[in-house]
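1. Provided below for reference: sequence and predicted model.
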Amino acid sequence: MANPERMDPIAPRAASGAEDRRLMERIVERDGSALALLYDRHAAAVFGLCLRILHDRAEAEDALEEIFWELWQRAERYDADRSSPHAYLLLMARSRSLDRLRAGKRRRTTTQHVAVWTAALAVASPDSETPFSQAATAECRVQVLGALDQLEPAERQVLELAFFDDFSHRQIAEHLGEPLGTVKSRVRRALLRLRSLLRGPERWLEGR
């Protein structure tokens, strides 16, 4: 039996990397058993990184499934000269997790927009819980979503920073690296356009 103190600590890692590369070659050839073996070897590490980034177990589990499905579908993208399969999987884990974070932020931002603008347009009256008022609020939500979608991306961005991140005009300018005057003009233009787009639902809520 070999003396553990005399064993090269790099040798097991090198052997493992070589085995992983062989598995990747088999995956390119559509060998499902190779994918299962690679999953068994690296799923825990991939899931751990996804969880650290997403802080949500269900999201991390979905990301893990997505990563190995993508690996199976596009295994030919892997370049053995650039990284080991382990490093490649962790790179995918980081990229897909960050994509999910950004997508989640966009969904939350849209939900916030709808809630805030709907509340701002809602009619405050004693009969606010009548079927008419409830229908009006539902119609208003549809109009708000449509109005937000019609804003230019730059206009929507400054409104998000101003109203939902509570940035001042100067902070927005610093954040975007643009002149203060430009930011002020863009905010004003965005508000005017949004007001114009929402004028219809306002009249509808007010009973015209």
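-> That came in fine, so what should we check first? What you are looking at is a predicted structure, and each value in this text was computed from that prediction instead of being measured. Numbering: from 1, shown residues only.
2. switch to C-alpha atoms for all contacts and neighbour counts from now on
-> Noted.
3. residues of the helix or strand hosting residue 61 that come out buried?
-> Using DSSP states H and E, residue 61 falls within helix 57-73. Using 16 or more other C-alpha atoms under 10 Å as the test for burial, helix 57-73 gives 59, 60, 61, 63, 64, 67, 68, 71, 72.
4. tell me the one of the residues you listed nearest residue 174?
-> Of all the buried residues of helix 57-73, residue 59 has the smallest distance to residue 174: 33.1 Å, by C-alpha to C-alpha.
5. residues contacting the closest one?
-> If you count contacts by C-alpha atoms under 8 Å, 6 or more residues apart in numbering, residue 59 has them with residue 51.
6. could the buried residues of helix 57-73 go into a markdown table alongside pLDDT and distance to residue 175?
-> Putting those into a markdown table (pLDDT from 0 to 100; distance: C-alpha to C-alpha, whole Å) gives the following:
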| residue | pLDDT | distance to residue 175 |
| --- | --- | --- |
| 59 | 86 | 29 |
| 60 | 90 | 30 |
| 61 | 91 | 34 |
| 63 | 90 | 30 |
| 64 | 93 | 33 |
| 67 | 93 | 33 |
| 68 | 94 | 37 |
| 71 | 94 | 37 |
| 72 | 93 | 40 |
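7. which pair of these spans the longest distance?
-> Longest span within the buried residues of helix 57-73, C-alpha to C-alpha: 59 and 72, 20.1 Å.
8. could you report the distance from residue 42 to residue 17?
-> 12 Å (C-alpha to C-alpha, to the nearest Å).
9. oh, that last question was meant for residue 186, not what I typed.
-> 53 Å.
10. kindly report the same for residue 155.
-> Taken as C-alpha to C-alpha, the span from residue 155 to residue 17 is 49 Å.
11. pLDDT-wise, which helix or strand of the protein ranks last?
-> None of the helices or strands of the chain scores lower by mean pLDDT, DSSP states H and E than helix 131-150, at a mean of 62.
12. contacts for the helix or strand following that helix, please.
-> Next in sequence after helix 131-150, counting helices and strands by DSSP H and E, comes helix 153-159. Outside helix 153-159, the residues within contact range by C-alpha under 8 Å, 6+ apart are 148, 172, 183, 186, 187, 189, 190, 191.
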